[in-house]
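> Let's see this in three dimensions:
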Amino acid sequence: MASIIEFAWTYLITHFNDFQLACLGSFFLHESVFFLSGVPFIIFERLGWLSKYKIQTKNNTPAAQGKCVTRLLLYHLCVNLPVMILSYPVFKYMGMRSSLPLPSWKVVSTQILFYFILEDFIFYWGHRILHTKWLYKHVHSVHHEYATPFGLTSEYAHPAEILFLGFATIVGPAITGPHLITLWLWMVLRVIETVEAHCGYHFPLSLSNFLPLYGGFVLILSSLSLTQDLL
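Just a heads-up that it's a prediction; the model follows:
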C-alpha cells in the first residue's frame, strides 16, 4: 500500500510544482470530496430514500438546494481559492513540503490528532462569538438560512464567517508546516466530518454512535440549532 501511495505521489511531484499542488491541487481535492460527499444527501432527500434515518420530515425545495450549490461555488472560487493562494507563502515559510520521502504514519496521525483538538477548541469559541447578537444578525444568520440542513449547507455561510472559522482549520497546519500529503488527509477528514454533521440524517453506523466526541462542537451546534429552528 505504501509503495502505491509513493508511486502516485512521485507522479504528482514530477508533473506539478509545489504551488500548483498546494493551491490548485488542494482546491480541486476539497471541491471533489465536498461535493461527492454532500450531493448524495440531496439525492436522498429528493427521492425519499433512507427517510427513516432523516432527522426532520421537512424537505428543502429544489430551488433552495440549487441556491445553496450556486452560492457555494461562488464562495469557493472567490473566497476559498484566494485564501489558499495567499496563505501558500506562510505554509512554505513554516516548512510545508511535497517532496519525498513521505512522512511516517506515526507523524501523520500525531499531527492530525493535534489539528482536530486545536481546531475544535478554536471553532468552539469562534462559534460562540458568532452567536452573539450583532454577529449572529449580520453574519452567522446566513449559515442558519436552511432550517432543514443537508450535507452541502455545512459550508454555506457569510464570507466573513468562512474566513473567521476557516482560520480554525488551517492554523494547526500553518504552525507545524506538515508534508502536503498530511495537509490533504486532514482536509479530507475535516470535510467529511462537517458534511456528515450537517447531513440531516443519523444512521446506525454514524461515527457519532461510536465516538462520543466525533464532530465535536459542529455536531452539538447542529443539534441545538435544529432544535431552535423547530421551536
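
> Val69 is in what secondary structure piece?
helix 62-75 (DSSP states H and E).

> any idea which helix or strand comes after that helix?
Note on helix 62-75: by DSSP H and E, the next helix or strand toward the C-terminus is helix 81-93.

> any idea how far Met94 is from Pro178?
Between Met94 and Pro178 the distance is 9 Å, computed by Cβ to Cβ, to the nearest Å. For the C-beta atoms, the positions are set from N, CA and C on the backbone; glycine is no exception.

> More neighbours: these two, which one.
Pro178 (26 against 13; other Cβ atoms under 10 Å).

> what sits against the more buried one?
Applying Cβ atoms under 8 Å, 6 or more residues apart in numbering, we find Pro178 in contact with 96, 103, 108, 111, 186.

> The fourth one against Ile181, yeah?
I take that to be Gln111. No. With contacts counted by Cβ atoms under 8 Å, Gln111 stays clear of Ile181, the gap being 10.9 Å.

> Flag every buried residue along stretch 125-133.
Judged by neighbour count (16 or more other Cβ atoms under 10 Å), stretch 125-133 contains these buried residues: 126-127, 130.

> Kindly report the same for stretch 85-104.
Buried-residue list, stretch 85-104, by 16+ other Cβ under 10 Å: 87-88, 91, 96-98, 102-103.

> what's the first-to-last distance across that stretch?
The separation between the terminal residues of stretch 85-104, taken as Cα to Cα, to the nearest Å, is 27 Å.

> any idea of the mean pLDDT for it?
The pLDDT scores in stretch 85-104 average 96.

> Now do the helices in the protein.
Using DSSP state H, the helices of the chain run over residues 2-15, 18-19, 26-47, 62-75, 81-93, 105-130, 133-138, 159-176, 180-197, 216-230.

> Mean neighbour count, these: which tops it?
helix 180-197 (a mean of 21; mean count of other Cβ atoms under 10 Å).

> Helix 26-47 and that one, what's the angle between them?
Here helix 180-197 runs at an angle of 20 degrees relative to helix 26-47 (axes from the mean of the first three to the mean of the last three Cα atoms, to 10 degrees).

> Nothing else from me, thank you.
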